[in-house]
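Colleague: kindly return the folded structure for what I paste below:
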Amino acid sequence: MEKVGGRPNGRHDRQAPLLRKAGLYLGIAFELPGTVLGGALVGYLADRYFDTSPWLFIAVTAVAFGGAMVRLVQWVRFFSGEDRERRGEENHPAD
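Modeller: Residues are numbered from 1 along each chain as shown. The predicted model follows:
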């Protein structure tokens, strides 16, 4: 059982493993493109406000894309178990 905010998380144990994995994958499916699309929207609105088209759109979208790639690397490490190994949690599961 995992702890959430210092309390045991009973709901985690009641969920089917398939639902937990589907939730993680669905989160990735929305997080990565959402980051890039959000950056594009912010860049577009900033361009309209400052009348600098298309420079802020390109710059903010590129920064958002870079952020999405960093997050993708974090997800890959999480799913490969490398993140847990680096922190030493593989041999010491959570209470």
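
Colleague: pull out the buried positions in stretch 30-50.
Modeller: 32, 35-36, 39-40, 42-44, 46-47 (16 or more other CB atoms under 10 Å). The C-beta positions use only the backbone N, C-alpha and C, and glycine is treated the same way.

Colleague: which one of the residues you listed sits closest to residue 73?
Modeller: Distance to residue 73, by CB to CB, is smallest for residue 32 among those, at 11.2 Å.

Colleague: residue 25 sits in which helix or strand?
Modeller: helix 17-50 (DSSP states H and E).

Colleague: what's the first helix or strand after that helix?
Modeller: helix 55-80.

Colleague: could you give the angle of that next one to helix 17-50?
Modeller: On the basis of axes from the mean of the first three to the mean of the last three CA atoms, to 10 degrees, helix 55-80 is oriented at 170 degrees to helix 17-50.

Colleague: what about this structure, any weak spots by pLDDT?
Modeller: Applying pLDDT under 70 to the chain picks out residues 1-15, 83-85, 87-95.

Colleague: for residue 31, list the residues it contacts.
Modeller: Residue 31 is in contact with 68, 71, counting by CB atoms under 8 Å, 6 or more residues apart in numbering.

Colleague: quick check: phi and psi at the residue sitting furthest away from the middle of the chain.
Modeller: The C-alpha centroid of the chain is most remote from residue 51, which lies 31.9 Å away (CA atoms, centre = their mean). Main-chain torsions, residue 51, degrees, to the nearest 10: phi 50, psi 50.
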